[in-house]
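**Q** show me how the following folds:
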Amino acid sequence: MQTKDANTWEIKRQIEDNNYKWYVLSVVSWQEELVIENLRERMKKQNLEDAVQDYMSPMVNESSLKKGEKVIKQRKLYPWYVFICSKMNDKIRYVVRNTPGVRLIVGAETRPIPLTDDEYTKIIEQIKKSQERSELKIPFKEGDLVLLKTGDFKGMKWAVRAIDSDKSTVIVNIEMLGRLTPVVIDLDKIELMS
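**A** Predicted coordinates:
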C-alpha cells in the first residue's frame, strides 16, 4: 500500500508537466481564431506567456470553380479544435479551461492528455499533404455525363474521359465523322448533367 506522500506526489506529477507538449482544445464552432486571441491575452494577463510556446488552428487553401472562375478559399483542417503547445499545471489548466470559447481540454476528466510525438507528426503530415493537395475541386469524375456550354458542340452531352485538375481541363470523346475523337475542354465550358 502506498503512503499518503507517495499518493500526493503521484497526483502532483499527473497535473504538473514542465515540458512543452501539444494539447488539443475543443472550442465553440468557428471561433478558433478568437479562442487563440483570448488565450494569448489571458496568458499575458496571468504572466504565463512563457508557459505557452505556440498555438495552431491549421488552414488549407481549396480551389473551386464558380461561374467559370477559379476561386481559392481557406478551409479549416480541424474545425472546432485548437492546438496549444504548452507546459501544464493547475494554473495553466484553469486559465485555458476558463477561456471564453474553450469547451474542454481533450483528455481524461482529471487531467489533460498531451498528443504523443507520433500523433503530432501525423497531424503535421496531414497539414502538409492538405496544403500540397489544395488543388481545384472538380464537381464531376471520369465517366460522368457533361453538357458543353459553348463552342461548335454547344448543348451536346458527352462522357468525361479524363480530368487534368492542374490545367483545369477535361477530355471528352466527341463523335466526329462517325468516330469518337478526344477533345480537351476547359472546365468552365462544361457543366455536370443532373
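
**Q** use CA for all of it now, contacts and neighbours both
**A** Fine.

**Q** after the helix or strand hosting Glu62, next one along is what?
**A** Assessed by DSSP states H and E, Glu62 sits inside strand 59-66. Downstream of strand 59-66, the next assigned helix or strand under DSSP H and E is strand 69-76.

**Q** quick check, central residue of the chain?
**A** Leu77 (0.5 Å; CA atoms, centre = their mean).

**Q** which residues does that one contact?
**A** 57-60, 127 (CA atoms under 8 Å, 6 or more residues apart in numbering).

**Q** can you rerun that using 6 Å?
**A** 58-59 (CA atoms under 6 Å, 6 or more residues apart in numbering).

**Q** pLDDT value on it, please?
**A** Looking at Leu77, its pLDDT reads 88.

**Q** okay, it and Asn61: tell me how far apart.
**A** Distance from Leu77 to Asn61, counting by CA to CA, to the nearest Å: 10 Å.

**Q** what is the mean pLDDT for the lengthiest helix in the chain?
**A** Counting by DSSP state H, the longest helix found in the chain is helix 117-132. Averaging pLDDT along helix 117-132 gives 87.

**Q** same question, stretch 177-184
**A** Mean per-residue pLDDT for stretch 177-184: 84.

**Q** now stretch 80-89
**A** Rounded mean pLDDT across stretch 80-89 is 95.

**Q** list the contacts of it.
**A** So stretch 80-89 is contacted by 15-27, 29, 51-57 (CA under 6 Å, 6+ apart).

**Q** relative to Glu109, how far out is the nearest residue to Leu48 once chain neighbours are set aside?
**A** Distances taken as CA to CA, 6 or more residues apart in numbering place Ile92 nearest to Leu48, at 7.5 Å, with adjacent residues excluded. Distance, Ile92 to Glu109, using CA to CA: 15 Å.
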